[in-house]
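S.K.: got a sequence here, can you model it:
(chains A, B, C and D)
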Protein chains: 2
Amino acid sequence: MKEIFAGGAPPAPAALAAKVRTLAPSMTRSMQRVAEAVAGDPAGTAALTVTGLAELTGTSEATVVRTARLLGYPGYRDLRLALAGLAAQQQSGRAPAVTADIAVDDPLADVVAKLAYDEQQTLADTAAGLDTVQLGAAVAALAAARRVEVYGVAASGLVAQDLAQKLLRIGQVAHAHSDPHLAVTNAVTLRAKDVAIAITHSGSTGDVIEPLRVAFEHGATTIAITGRPDGLVSQYADHILTTSTARESELRPAAMSSRTSQLLVVDCLFVGVAQRTYETAAPALAASYEALAHRHNPRGGSGSR
Amino acid sequence: MKEIFAGGAPPAPAALAAKVRTLAPSMTRSMQRVAEAVAGDPAGTAALTVTGLAELTGTSEATVVRTARLLGYPGYRDLRLALAGLAAQQQSGRAPAVTADIAVDDPLADVVAKLAYDEQQTLADTAAGLDTVQLGAAVAALAAARRVEVYGVAASGLVAQDLAQKLLRIGQVAHAHSDPHLAVTNAVTLRAKDVAIAITHSGSTGDVIEPLRVAFEHGATTIAITGRPDGLVSQYADHILTTSTARESELRPAAMSSRTSQLLVVDCLFVGVAQRTYETAAPALAASYEALAHRHNPRGGSGSR
DNA sequence: TCACTCTTGAAAGGTATTTTCGGGGTGGGG
DNA sequence: CCCCACCCCGAAAATACCTTTCAAGAGTGA
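M.R.: Predicted structure coming up:
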C-alpha cells in the first residue's frame, strides 16, 4: 500500500474524530491503538513526539507515521500541528462561562477574565448608546471654547482630570476641579464661549451640579456626562452625554464600570476636538511629547531603540 | 541578558499578538522582523520550518529560535504548535476585524466605534497577558500590608489615585503621589510589610522609579505596573505586572490604551485584595456608600442612589 | 579613533521524523 | 501436520529539522 487513497483531500481540519471512526475498520490493530489515542486526547497527543506517542500506545515510530499518513497528513509533524489546532479550538469553545458575578472564592484567573469581559461589555454598551448628535454639538462647543472647566468628584474627579490633561496637551485652556467650593468660585467667572463640563455617574451629585448650574446661569455652554440623563444635572446642561450603567455587586463597585464608560466618552470628546482643531492640535501634541522625552531614562533593558 | 524574564509564564495560547506587541520594543531589528511575520500571519507561519521562516524574514535560523524563546516558548517547535492553535482559533472564531487608524476626517460615529473597539482589544490583550502568579503575589502583599503607597505621574498618576481611592474604601491605608519630591520623601519612611507600587507605561519614568528604588532599599515590598517589563523600573520591583502595549498614532496617543490597560490591572488588584480581606472589606465598602449618600440629591429624576 | 558591547548568521551538534528492511505471525494449500 | 506466501510490525539507518556555539560585524560611548 502506498498512498492509494490518501491523495484527494487536503489535511483534515477539525473533523478528525469522524475520520478516525471512518477509517478505523481499515486499520491494523496497532494503528487503531494510535488513532484511538489521537482521537481521545488531541491536546495531550499534540504535546508528544513520535517516539512519545509510540511508547504511549505500545507501538513503534513507524506505525505512528503510517497512521498519520492514513489520516491524510504528509507525516506525523503535520498531524501534530492539526492536533494543536484542534485542541486550541476545543479549549476556546468552552471559554465564555465567565458571565457570572464575581464571588469571594473565585480564583484570580477568573477575576481577571470576568473584569475584562465586563469592561468590554461596558464599552460596547456605551458606544452603542452614545448620541453622536449630542457628541458632535459638545465637540463643536469645545473646539470653539476659549476656556474649559471640568467638574467631578471622587472617581469621576479622576475622569475630569484625565479630560483636562488631554485637552491641555492639544493646546486648549482646560482645568479640572474636585474641590466644590473652588469649583463654584471658578464657575462664577465663566461667560459665553466658555465651556463647563460636569461628570457624575448618579446625575445627582450636588457638589458637581452646583458649579454647573452657576456656569449655566452665567451663560457658559454646559455639558453633562452622566449615567442618569434624567437626573438633576441635566437641567443645567446644554448637551447631555450618556454613559452606560452596568450591573454592580458587592465586589464590583459601580465606580468600576462607570469609570470605564466615562473614559470612553471623554476619549471621544478628545479625539473629536483634536480632529476639529488639527492644525493647532497636532503640533501641540508633538511638542508635549518632545518636552517630556528627557524625563524618561531609557537604560535598563536590553535593546532600547 | 539570558532569560531573565522569559521564565515565569508558560507558553501563551492566544495572547500571542499581545505578547509580540509588548515585547517588540525590547527586540532587536531582526527579531522584530520575525515577530512581525509571526503576528501578521500565524497560519502561514505555522506551515513553515525554521529555515523557511528564516528565509522569509531574511534572517537566520538562530534568530528565529531566539525570537521564539523571547516570546516564552522553549523553542521554535513549540512556537509553531502555538501558532497552529492560534490559526485554528482565528479561523473558527470571530471576524478578523481590522480596524483602520483614526483619520482626521472620520465622522464621529466612526471615531466612537474605533475607540471602543480598540479599548476592548486592549482589555482582552491585557487580560490574556497578565501573569496571575505575579498578580497573586502582589495581592497577597497588599492584603498583608500595613500601609500602601502608589507612585505615578501624568496619566499614570490618575491610575495611581484610582487605586489608592479604591483601597481606602476597603479600609486599607493607601495614598497616591504625583509629586516626585514628596514621593521620595514618603518612600524613605517605608519599611518591611509596607507596599510601594509604581505605575509607568514606559518603565523608564525617572520620577516614579526613584521613589520605588528608595522603597525597595528600605525593605518595603515593591510592585511595578508597566508596559515594559524589561524597563529600568523592574530592577526595583519584587512583583511585575505587565500591561499591554497597543499601537498608537497621532490622534490616538499611547496614554489612551495604556490607561485602559493599567486600570484593568488596578481593578484586578483591588478585587483580589477585597476577596482576601473580605471580613473587613465588605463592611468598609458599605460604610463608605452610606457616608456619601447624603451628598447625592435625589430630586429631579426617578430613582436615587 | 579605540575599546567595548550587542547583534547576527554560518556552521557544528543534537533531536525528531521518516524510510528502509527484515523478523515474525497468520492463514491457506499441500 | 507442515510449508509457503503474505502482510503487519518494530529496530535501526537515513534524513530533515531544530538548537547551540562561535566568531565576525555593526553600532555606541568614551
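
S.K.: avg pLDDT for the helix or strand A:Ala137 falls within?
M.R.: Per DSSP states H and E, A:Ala137 falls inside helix A:132-143. The predicted model gives helix A:132-143 an average pLDDT of 96.

S.K.: anything in it near chain B?
M.R.: Yes - Helix A:132-143 lies within reach of chain B by C-beta under 8 Å from any C-beta of the partner chain, at A:Thr132, A:Leu135, A:Gly136, A:Val139. No exception for glycine: its C-beta is placed from N, CA and C like everyone else's.

S.K.: A:Thr243 contacts A:Gly203, doesn't it?
M.R.: No - checked against C-beta atoms under 8 Å, the pair A:Thr243 and A:Gly203 is beyond contact range at 9.9 Å.

S.K.: mutual contacts of these two, please.
M.R.: Shared contacts of A:Thr243 and A:Gly203, defined by C-beta atoms under 8 Å, 6 or more residues apart in numbering or on different chains, comprise A:Thr226, A:Gly227.

S.K.: for the residue in chain A that DNA strand C sits nearest to, the count of nearby residues, please.
M.R.: DNA strand C sits closest to A:Gly75 of chain A, with a gap of 1.9 Å, by C-beta to the nearest atom of the strand. The number of residues packed near A:Gly75 is 12, by other C-beta atoms under 10 Å in any protein chain shown.

S.K.: centroid residue for chain A?
M.R.: Nearest residue to the geometric centre of chain A (C-alpha atoms, centre = their mean): A:Gln120, 4.9 Å.

S.K.: which SSE is it in?
M.R.: Counting by DSSP H and E, A:Gln120 is part of helix A:108-129.

S.K.: state the distance from the residue of chain A closest to DNA strand C to A:Val20.
M.R.: Shown here: A:Gly75 relative to A:Val20, a distance of 17 Å by C-beta to C-beta, to the nearest Å.

S.K.: next: A:Ala196.
M.R.: A:Ala196 is 69 Å from A:Val20, by C-beta to C-beta.

S.K.: likewise for A:Arg295?
M.R.: A:Arg295 is 61 Å from A:Val20, by C-beta to C-beta.

S.K.: between the two, who's got more neighbours?
M.R.: The residue with more neighbours, out of A:Arg295 and A:Val20, is A:Val20; 21 against 15, by other C-beta under 10 Å.

S.K.: ok, the closest residue to the more buried one other than its chain neighbours - contacts?
M.R.: Distances taken as C-beta to C-beta, 6 or more residues apart in numbering or on different chains place A:Ala39 nearest to A:Val20, at 4.3 Å, with adjacent residues excluded. Residues near A:Ala39 by C-beta under 8 Å, 6+ apart: A:Leu16, A:Ala17, A:Val20, A:Arg21.

S.K.: the helix or strand containing A:Ala39 and DNA strand C in contact?
M.R.: Assessed by DSSP H and E, A:Ala39 sits inside helix A:29-40. No - residues of helix A:29-40 are not located near DNA strand C by C-beta under 7 Å from any atom of the strand, the shortest gap being 9.9 Å.

S.K.: give me the distance from that helix to the chain's centre.
M.R.: Counting by C-alpha atoms, centre = their mean, to the nearest Å, helix A:29-40 is centred 42 Å from the centre of its parent chain.

S.K.: can I get the CA coordinates of it in PDB?
M.R.: Provided in PDB are the C-alpha atoms of helix A:29-40 (Å, rounded to 0.1, in the frame of the first residue of the first chain):
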ATOM      1  CA  ARG A  29      -4.500  -3.300  15.300                       C
ATOM      2  CA  SER A  30      -1.500  -1.200  16.200                       C
ATOM      3  CA  MET A  31      -2.700   1.700  14.000                       C
ATOM      4  CA  GLN A  32      -6.100   1.600  15.700                       C
ATOM      5  CA  ARG A  33      -4.400   2.000  19.000                       C
ATOM      6  CA  VAL A  34      -2.600   5.100  17.800                       C
ATOM      7  CA  ALA A  35      -5.700   6.500  16.200                       C
ATOM      8  CA  GLU A  36      -7.700   5.900  19.300                       C
ATOM      9  CA  ALA A  37      -5.100   7.800  21.400                       C
ATOM     10  CA  VAL A  38      -5.200  10.700  19.000                       C
ATOM     11  CA  ALA A  39      -8.900  11.000  18.800                       C
ATOM     12  CA  GLY A  40      -9.300  10.500  22.500                       C
END
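
S.K.: noted, bye for now.
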